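Peer 1: this is a predicted model, with the sequence first.
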Amino acid sequence: MRLSTLAWWCGNGHRNIPENRVCTHCGASRHEKHAQVHSSERAVVYYNPLTGEHRTPARADVPMPAVYAGQGFERREILNMGQWEKEANVVHEATSFAPGNEPVNTGVEAPKRDPKLIDELAHLVASEPGEWT
């Protein structure tokens, strides 16, 4: 299914045609970037700069445990998930998931065909129920 934009409205309520990148009435940009996320709501990881290892805490609004601090971990807030995925060589499943792109286990092989078994099954299918033994 293909969608096409017929019009867009700026933050001040002015209607614009799809080709315009800025509002023709007030100059507001079509794409706004002004999200302010509180530090307690940002994604957090504990990162060890010496080993490159990272740990994901259960909650972002609690201080880092002393065990991790003693091992050299630092608390990092993830401001750009795409950049973090590239740096840490990980995938953020919540933003990357789409039905049908799940990993497929390619290590499983189909069972080998046994000609003797196939002949035996063909004989059973062709026979009468009283002949089965």
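Peer 2: Arrived safely. Residues are numbered from 1 along each chain as shown.
Peer 1: return the helix or strand in the protein with minimum mean pLDDT.
Peer 2: Taking mean pLDDT, DSSP states H and E as the measure, the chain has helix 93-96 as its least confident helix or strand, at a mean of 72.
Peer 1: how far off centre is it?
Peer 2: How far helix 93-96 lies from its chain's middle: 2 Å, per C-alpha atoms, centre = their mean, to the nearest Å.
Peer 1: return that helix as PDB; C-alpha atoms alone will do.
Peer 2: The C-alpha trace of helix 93-96 is given here as PDB (Å, rounded to 0.1, in the frame of the first residue of the first chain):
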ATOM      1  CA  GLU A  93      14.600  -4.600  19.000                       C
ATOM      2  CA  ALA A  94      11.700  -2.200  19.900                       C
ATOM      3  CA  THR A  95      12.600   0.200  17.100                       C
ATOM      4  CA  SER A  96      13.900  -2.300  14.600                       C
END
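Peer 1: for that helix, give me every contacting residue.
Peer 2: Defining contact as C-beta atoms under 8 Å, 6 or more residues apart in numbering, one finds that helix 93-96 is touched by residue 81. Just so you know, the C-beta spots here come from the backbone N, C-alpha and C atoms, and that holds for glycine as well.
Peer 1: list the buried residues of that helix.
Peer 2: In terms of neighbour count (16 or more other C-beta atoms under 10 Å), helix 93-96 has no buried residues at all.
Peer 1: and stretch 73-81, how far apart are its ends?
Peer 2: End-to-end distance of stretch 73-81 (C-alpha to C-alpha, to the nearest Å): 20 Å.
Peer 1: what are the ranges of the strands in this protein?
Peer 2: Taking DSSP state E as the test, the strands found in the chain are 8-9, 15-16, 43-47, 54-55, 74-78.
Peer 1: for residue 99, find the nearest of those.
Peer 2: Nearest of those to residue 99, taken as C-beta to C-beta: strand 43-47 at 23.6 Å.
Peer 1: if we can go back for a sec, pick the most deeply packed of the strands of the chain.
Peer 2: Each of these was scored by mean neighbour count; the highest is strand 43-47, a mean of 18, by mean count of other C-beta atoms under 10 Å.
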